[in-house]
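**Student:** The amino acid sequence is not available; the structure is as follows:
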């Protein structure tokens, strides 16, 4: 069974860092895969955080995380990462990774485009 599994969430204080991982099991990320991170806070809509094209490494970020978060991937480990620095309480939420086959163009940023989703990992940032 092909599935995405996130890990690395936790409870941290403002200013701290976390690294989230997204492992694909039962399959392999290919050069036409785009992997994205979304987050959802209680009572809010799911928000785009970051995405990366697996083949060329092109990445994109939501405005609220630019300069603080970095997305990366490791083909040997079939894992995508989200390095989150200088975390703030506004970053609190459930973080999901998602993937889709994308032939061209910049990384997709709409959650409606993504076909496979993980179960999410909770990130809580205290003031």
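**Tutor:** Yep, that arrived. Keep in mind the model is a prediction, meaning the values are calculated, not measured.
**Student:** Just give me the residue right at the centre of this structure.
**Tutor:** What sits nearest the mean C-alpha location of the chain, by CA atoms, centre = their mean, is residue 37, with 2.3 Å.
**Student:** Roughly how far does the closest residue to residue 123 other than its chain neighbours sit from residue 48?
**Tutor:** Of all residues not flanking residue 123 in the chain, residue 9 sits nearest, at 4.7 Å (CB to CB, 6 or more residues apart in numbering). Every C-beta, even on glycine, is put in place using the N, C-alpha and C of the backbone. Distance of residue 9 to residue 48, computed by CB to CB, to the nearest Å: 18 Å.
**Student:** now do residue 41
**Tutor:** As judged by CB to CB, residue 41 and residue 48 stand 13 Å apart.
**Student:** And residue 31, by the same measure?
**Tutor:** From residue 31 to residue 48 the distance is 22 Å (CB to CB).
**Student:** Of those two, give the one with the bigger neighbour count.
**Tutor:** Between residue 31 and residue 48, residue 48 has the larger neighbour count (other CB atoms under 10 Å), namely 20 against 9.
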